[in-house]
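Participant: Mind folding the following:
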Amino acid sequence: MARKNGREPFDAFVAKQGLSPEEKQFLRRGLKSRAVRDFFAANANAATHTKPAAAPGNTSEALENRARKTGLVRETARNKFHVKSGPETVHWGYLWSAAEPVLRIKPGATVTIETVSHEGLLEDQGDPVSFHKRFGIPRAEVLADAVAIYAKVQHSGTGPHVVSSPIFVEGAEPGDVLAVHILKVTPRVPYGCNSCRMGKGTLPHDFPLNRSIVTPFDLKKGIVHFAPGIEIPLRPFFGLMATGPALTLGKINSAPPGAYGGNIDLNELTEGSVLYLPVHVAGALFMTGDGHACQGDGEVNLTAIETSLTGTFRFELIKGKFLTLPRAETRTHWITMGLHEGLDEAMRICVRETIKFLGERHGMDAADAYALASVAIDFEVTQNVDGIKGIHAMIPKAIFTAP
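Facilitator: So this is what the prediction gives:
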C-alpha cells in the first residue's frame, strides 16, 4: 500500500537529501498533490545533484565551411587566420549567441578580422556610394564589401552596428574569461564619419536633427582633418567587442554595452591593450565592429569618427576566472568598468569593481582600496550616449612598487 500512496518513493527520495525531520514533514504535506506524488515516484532513484550543462550557443560549422570554400576565411599560417568582411560574414544591428560562428579556433590563435562601419549605410543616409559622394569621397574609395552589405544584409536588429560573425573558441565555457589581445588596428579607408541623430546624444533637445560629416585622414601623418585648422591624432580602436550574451537574452540591440562587453566605446582599447570579457556561452563567440578613428571620453554627440577597420587579435582563455563585468589592461594601466542607465550608479559600480580588483590583485582590504581609489585613480566617463552609460577607472601600474 505504501507504493500506491507514494510514501515509499518519497522516503527513498528525501533520504538522499539529508533533510531534517521538520523539512521532511513540510514536504509530506505537499503529497496531497497528485502531481507531487507522481514526481517523487518517477524520481525516487534519480541522481540528486547534476552539474548543469554549459549553454551551447551556436556550434554549427556550416557557415565556416562555406566561408572557407569561398575564400572569406583562410588560414594564413599555423594557428593564424584571416576573416574577410562581406554579406556572408556579418550581421547587422544585434548580438546573438544563436548566430552561426564563422571560425573555430583553439586558445592562443591569432585572427585578423575586417570590419565595415555602419555610417553611410543607415536608412537616413542612403546607399554608401551616394552618401560618400556628397562629401567628395570617390566611388573607388568606397569599400566593395560595404556596398554588398548594404544591398544584401537585412538590418534585422534594433542597433546600428555591422557586427562580425562569431569566433568560436574551443574549450571556453560559462564562468571563464576570454582575454582579447589587440595586436594591430588599421583603417581600411582614408576617411571617417561623425553623426548626430534626432533624439539621441547627450543634448538631444539642443540638437534635434540628423547631421553627418565625413572627415578625411592623412594616414601617413596619422591625423584626422576635422576642419580647417583642426587636426586630431588617429587613435583607431573598436568600439564594439563582445562575447556571446546569455542565450536567455535572445537577439539583443548592438548599442547598449553589458556584462558580455559589446559597444563599450572605451577609447583606451588601442593597439597593445587587452580586453578581458566574461564568457556566458560555450565557445565564447567573440564578435567585433564599430570601428573608430578617434573618440573623446563621453562620445557626447552620439558617435566618434566612425570608420572601417581591420583588427588583429590573439585570443587566450582564462579558465574558472569569474568576472561580473569586463576589465581591460594597457601598457600603463589596469581598467575596471561600471555600466548602468544612470551615470551615478555606473560610477558606484565602477568604484566597487575597482575595490574588488585591488583586493584580488594586490591583497588590499576594502577600506584601503577605497582610499587609494580616491587619491590615485582617475574615474572617467567612457560614453554617455548608448542607453547603458559607462564609467571606467584608470588604475596606474606605476604606483605599485612591489610585484
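
Participant: From now on I want contacts and neighbour counts done on CA atoms only, so please keep to that.
Facilitator: Noted.

Participant: So what's the residue count around the residue nearest to A246 when sequence neighbours are not counted?
Facilitator: Setting aside the residues directly before and after it, A246 is nearest to H280 in space (C-alpha to C-alpha, 6 or more residues apart in numbering), at 5.3 Å. H280: 26 surrounding residues under other C-alpha atoms under 10 Å.

Participant: Just say helix, strand or coil for H280.
Facilitator: coil (DSSP: H, G, I helix; E, B strand; the rest coil).

Participant: Renumber starting at 224 from here on
Facilitator: Happy to do that; since the first residue is 224 now, the last one works out to H503.

Participant: quick one, what contacts it?
Facilitator: 278, 396-398, 466-469, 483 (C-alpha atoms under 8 Å, 6 or more residues apart in numbering).

Participant: same question, V306
Facilitator: By C-alpha under 8 Å, 6+ apart, the residues touching V306 are 295-297, 312, 334-337.

Participant: now do 6 Å
Facilitator: 295-296, 336 (C-alpha atoms under 6 Å, 6 or more residues apart in numbering).

Participant: Return a selection command, for use in PyMOL, containing the buried ones of those residues.
Facilitator: To isolate the buried ones among these in PyMOL, judged by 16 or more other C-alpha atoms under 10 Å, type:
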select buried, resi 295+296+336
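
Participant: Specify which member of the contacts of V306 is nearest to V497.
Facilitator: Using C-alpha to C-alpha, I336 comes nearest to V497 of the contacts of V306, at 16.3 Å.

Participant: Report the spatially nearest residue to the closest one, omitting neighbours in sequence.
Facilitator: Take I336 and drop its neighbours on the chain: the residue closest to it by C-alpha to C-alpha, 6+ apart is V306, 4.9 Å away.

Participant: what are the bridge partners for the one you found, then?
Facilitator: Beta-bridge pairing of V306 under DSSP bridges involves V296, I336.

Participant: Report the separation between it and T547.
Facilitator: Distance, V306 to T547, by C-alpha to C-alpha, to the nearest Å: 30 Å.

Participant: Also N524?
Facilitator: Counting by C-alpha to C-alpha, the gap from N524 to T547 is 29 Å.

Participant: Of the two, which one has the most company?
Facilitator: N524 (19 against 13).

Participant: Let me know the distance separating the more buried one from P479.
Facilitator: In terms of C-alpha to C-alpha, N524 sits 16 Å off from P479.

Participant: Count the residues that sit near F623.
Facilitator: Using other C-alpha under 10 Å: F623 sits among 9 other residues.

Participant: and it, what pLDDT?
Facilitator: The per-residue pLDDT reported for F623 equals 97.

Participant: again, but for G229
Facilitator: In this model, G229 is scored at 46, pLDDT.

Participant: swap in I541?
Facilitator: On the pLDDT scale, I541 gets 98.

Participant: Quick check: the gap between the closest residue to it other than its chain neighbours and Y499.
Facilitator: The shortest distance from I541 to any non-neighbouring residue, by C-alpha to C-alpha, 6+ apart, is to V400 (5.1 Å). Plainly put, V400 is 6 Å away from Y499 if you go by C-alpha to C-alpha.

Participant: now swap in E539 and tell me
Facilitator: Distance from E539 to Y499, by C-alpha to C-alpha: 10 Å.

Participant: Give me the common contacts of those two.
Facilitator: What both E539 and Y499 touch, as defined by C-alpha under 6 Å, 6+ apart, is the set A402.

Participant: Please pull out the lowest mean pLDDT helix or strand from this protein.
Facilitator: Lowest by mean pLDDT, DSSP states H and E among the helices and strands of the chain is helix 257-266, with a mean of 49.

Participant: residue boundaries of the strands in the stretch 524-626 of the chain?
Facilitator: 528-529, 532-541, 550-552, 556-563, 601-606, 612-619 (DSSP state E, counting those that start in this stretch).

Participant: Output the below-cut-off pLDDT ranges for the stretch 524-626 of the chain.
Facilitator: Low-confidence segments of the stretch 524-626 of the chain, defined by pLDDT under 70: 626.

Participant: How far away from the center of its chain is stretch 562-581?
Facilitator: Centroid separation for stretch 562-581 versus its chain: 18 Å, with C-alpha atoms, centre = their mean, to the nearest Å.

Participant: Alpha carbons only: can I get that stretch in CSV?
Facilitator: Presented in CSV, the C-alpha positions along stretch 562-581 are these (Å, rounded to 0.1, in the frame of the first residue of the first chain):
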residue,chain,number,x,y,z
LEU,A,562,27.8,50.1,-16.6
HIS,A,563,24.3,51.4,-15.8
GLU,A,564,21.4,53.5,-17.2
GLY,A,565,22.5,56.3,-14.8
LEU,A,566,26.0,57.7,-14.6
ASP,A,567,25.8,58.0,-10.8
GLU,A,568,25.1,54.3,-10.4
ALA,A,569,27.7,53.4,-13.1
MET,A,570,30.2,55.3,-11.0
ARG,A,571,29.3,53.4,-7.9
ILE,A,572,29.6,50.1,-9.8
CYS,A,573,33.0,51.1,-11.2
VAL,A,574,34.3,52.0,-7.7
ARG,A,575,33.2,48.7,-6.3
GLU,A,576,34.8,46.9,-9.2
THR,A,577,38.0,48.8,-8.5
ILE,A,578,37.9,47.8,-4.9
LYS,A,579,37.4,44.2,-5.8
PHE,A,580,40.2,44.3,-8.4
LEU,A,581,42.7,45.9,-5.8
